[in-house]
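Enquirer: Below is the sequence, then the predicted model.
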Amino acid sequence: MLVVAAATTLAMWLAQQGAEAAEQTRIQGEFRSAFSAQLADRRTQLESLADLCRALARKPRIIAALEEASVQDLYDNAQIELQLRGVIGGNGISTIRTARLHRFLDKTGAMIAPPNGRREPWETRLEQDGISATQTAGYVAAGDGSLLEVVTTPMIDGDTGEVFGAMVLCFVPRSSDGGVWIEGTLHLPGFSGIGMAEARQAIATVTASAGPSERSAPLEINGAPYLLFCQTFDSTHKSPAWHVALYPLAESIARQQALRWKIVSVGALILLGAYVAVHFLTARLSSPVEKLEVTSEVHRVGRERAEAALDLTNEELRARNTELAAAMDKLKAAQQQHVQQERLRALGQMASGVAHDFNNALVPILGFSDLLLMSPETLADPARARGYLQSIQTAASDAASVVARLREFYRSSAEVEKFTPVDLCKLVTQSVALTRPRWRDQALAGGATIELRTELDPVALIAGDEAALREVLTNLIFNAVDAMPQGGTITLRTRADGERVLLEISDTGTGMSEEVRCRCLEPFFSTKGERGTGLGLSMVFGIIQRHGGILDLQSELGKGTTFRISLPPHHEEQAKAAPAAEIQRGLRLLVVDDEEPVRETLAATLAHDGHIVTLAKHGVDGLRQFMAGSFDLVITDRAMPGMSGEQMAATMKHVRPQTPVILLTGFGQFLEKDRFPEVDVLASKPVSITSLREAIVSAMKT
């Protein structure tokens, strides 16, 4: 019993010592990790700042202003560059903290005070320290009792390697970085109130002793236990400085006391259990030794058999697990390959569909433009030439709408399309003219004759998207042409059907089987082989549904196909046509775009409306002309080399907030205005004259 008690007591003591050591190690590690993370974050920012300052030192205008001692140009250019990078007056883009102020030193280390600036007392300290060949950092007292974190970056000539000056950035230290002990004085919040004397005395004692750069010591402040942690400030060129922090230990001591009581309680239970067990075993030891030996042998044999069976079972389980893991890996690889193939197939079919729609739109553009080029005498007939040009313009608008419809693959279902009144008879006439090169010229070239008839009864206006409905007609006409390889007749009819408007497209082609008719509206289903994408009729069905229409399909093999489309009429309370934009003239406009054809087109269009236009080739050139001149409005592209459109707009708004900015981009269909708070109007390319006028009017009203 005494042996059990001694062993239990020793185990309790060892457990208590181990728990206390583990708690101390945990506290030290947790505190040092948190403190080191703050310092690592600070070092990372210093490295980013060094890269930024070295890039700034390579700016020719900064080098010239510093070498020529042109103080005004030096500080003006530096102000612009630092604002662009978010170091001064940060705009949320830069990862570097915002500096309170900046200064320059010449190559002798003398301070170059800013124009009309008051010289601060602590600036003399910077001159005394001189300039080193590497970036230095440290702290200086700012005279009003506060502390400044100072970073000095040498400006080195890239050709000679000579230091010709330095940039000094001053930051207000963050309160989350702990405290700073410098020249016997403690700075920054977090160390205030009662107990400051004990903290200062402990810090002075720890930092005065020789030893490693990281030191810690326990202390009491107002009777409460704390852990003091100090670490030297690296790469400083000022007086020796220490980062300091205090960690309260009251909670840790409470945990240790609770753990100590748990260990004592467990030890007492063990002693009690041992006493009961010894008493029970003593009573049972009267059994014969022979019986104990027999029982032990039986148990030994049974244990050996059980261990052998268990080893066999474990071996079988390991083999099964290995087989299952290999099968799972093969299944995952096959699944991933299948998903990748399906994605590539869907992407290829979607790309084919877009190319199909673009090619449809290009047919009248190329056809009528070739006619105008090959037959100049056509221009002598104004009505005929105007008809050709209207067909080209309509086809170009339809091509632009193909890009706009790509947005339907991701836009929210809550977005509502804006419909306008549409004359269905006029739309049919336009579609017939646009598709003429396909159903007449190409058919005749292939040896087939196709007759296209129109039976158009006057009907009410419908509410819809004219470009989308024109695409419906174009797709159905082209499908009818494909269904009549030997020629035939296509008939387009319009008539009233009660309160609704009915549109019929019939052909005398090969027709469809019942199976094809039931599946022809499914996406990616096609009977044309590699020539088809399977997207034409599914897109037609989707457009009709968005317009609140009903599609009825009747077809029979050898007897042709008829599509009947029923559409609701337009009502006055529905979307009314927007009034034409008021043309503003005589504005001073700055146009910034890196594509010369775009610049020249915009310049000609704006000059036609009586505006005074200045052109810029890229963002930096645009910013330079903006700073040098006075403009009523800025029109800029988004993606440009050197400086993007939104970056240039942000800088312009910082200098002249009242100047409106239009961001004109080819990605306008896929972007939201909320992403660009620095611009007033977001417009899409290609832009028509009407749309450009509306954008200018909208921007001038903001």
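Expert: Okay, I see it.
Enquirer: The closest residue to Asp637 other than its chain neighbours - how many residues pack around it?
Expert: In space, Asp637 comes closest to Asp593 once its chain neighbours are excluded; the distance is 4.2 Å by CB to CB, 6 or more residues apart in numbering. Just so you know, the C-beta spots here come from the backbone N, C-alpha and C atoms, and that holds for glycine as well. Neighbour count for Asp593, taken as other CB atoms under 10 Å: 27.
Enquirer: so who does Asp593 touch?
Expert: Arg599, Leu602, Ala616, Thr636, Asp637, Met640, Leu664 (CB atoms under 8 Å, 6 or more residues apart in numbering).
Enquirer: I'd like these as TSV, with distance to Gly610, pLDDT and neighbour count appended.
Expert: Output for these, formatted as TSV (distance: CB to CB, whole Å; pLDDT from 0 to 100; neighbours: other CB atoms under 10 Å):
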residue	distance to Gly610	pLDDT	neighbour count
Arg599	19	88	18
Leu602	15	88	20
Ala616	21	94	22
Thr636	21	92	25
Asp637	23	91	24
Met640	27	89	22
Leu664	20	86	26
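Enquirer: Among these, which pair sits farthest apart?
Expert: Using CB to CB, the contacts of Asp593 reach their maximum pairwise distance at Leu602 and Met640, which is 14.4 Å.
Enquirer: partner strands of the strand or helix carrying Ala683, parallel or antiparallel?
Expert: Ala683 belongs to strand 681-684 when assigned by DSSP states H and E. Paired neighbours of strand 681-684 in the sheet (DSSP bridges): strand 661-665 (parallel).
Enquirer: how far is the partner strand from where the chain is centred?
Expert: 20 Å (CA atoms, centre = their mean, to the nearest Å).
Enquirer: Please identify which helix or strand holds Val613.
Expert: Taking DSSP H and E as the criterion, Val613 maps to strand 612-616.
Enquirer: Pass me the low-pLDDT residue ranges in the stretch 451-600 of the chain, would you?
Expert: Confidence mapping of the stretch 451-600 of the chain against pLDDT under 70 gives the ranges 523-525, 527-535, 572-583.
Enquirer: Now do the SS call for Thr153.
Expert: Following DSSP: H, G, I helix; E, B strand; the rest coil, Thr153 is assigned to strand.
Enquirer: I'd like to know how many residues surround it.
Expert: Neighbours of Thr153 using other CB under 10 Å come to 23.
Enquirer: what does the one 4 residues further on give?
Expert: Residue neighbour count, defined by other CB under 10 Å, stands at 14 for Asp157.
Enquirer: Distance check, the nearest residue to it once chain neighbours are set aside against Ser132.
Expert: Spatial nearest neighbour of Asp157, excluding adjacent residues (CB to CB, 6+ apart): Phe164 at 5.7 Å. Distance of Phe164 to Ser132, computed by CB to CB, to the nearest Å: 14 Å.
Enquirer: higher neighbour count, these two?
Expert: More crowded of Phe164 and Ser132, by other CB under 10 Å: Phe164, with 16 against 13.
Enquirer: Not counting residues beside it along the chain, what's closest to Thr205?
Expert: Ala217 (7.6 Å).
Enquirer: Tell me the spacing between that neighbour and Leu228.
Expert: Distance of Ala217 to Leu228, computed by CB to CB: 5 Å.
Enquirer: Give me the common contacts of those two.
Expert: Ala202, Val206.
Enquirer: neighbour count winner among these two?
Expert: Neighbours per residue, other CB under 10 Å: of Ala217 and Leu228, the larger number sits with Leu228, 20 against 14.
Enquirer: Tell me the gap between the helix or strand hosting that one and the middle of its chain.
Expert: Using DSSP H and E, Leu228 maps to strand 224-232. Remark: strand 224-232 is offset 42 Å from the chain centroid, using CA atoms, centre = their mean.
Enquirer: In it, which residues are buried?
Expert: Tyr226, Leu227, Leu228, Phe229, Cys230, Gln231 (16 or more other CB atoms under 10 Å).
Enquirer: Over to stretch 545-559?
Expert: For stretch 545-559, by 16+ other CB under 10 Å, it's His547, Gly549, Leu551, Leu553, Ser555.
Enquirer: how far away is the second one from Phe419?
Expert: Spelled out, that is Gly549. The value you get for Gly549 to Phe419, if CB to CB is used, is 12 Å.
Enquirer: Same check on the third one?
Expert: Distance, Leu551 to Phe419, using CB to CB: 18 Å.
Enquirer: before we move on, what about the fourth one?
Expert: As defined by CB to CB, Leu553 lies at a distance of 24 Å from Phe419.
Enquirer: try the last one
Expert: Applying CB to CB, the value for Ser555 to Phe419 is 30 Å.
Enquirer: Could you say which helix or strand holds Thr160?
Expert: Here Thr160 is assigned to no helix or strand, by DSSP H and E.
Enquirer: who touches it in this structure?
Expert: If you count contacts by CB under 8 Å, 6+ apart, Thr160 has none.
Enquirer: how about the helices of the stretch 401-550 of the chain, start to end?
Expert: Secondary structure of the stretch 401-550 of the chain by DSSP state H, counting those that start in this stretch: the helices cover 424-436, 443-445, 466-482, 514-519, 536-546.
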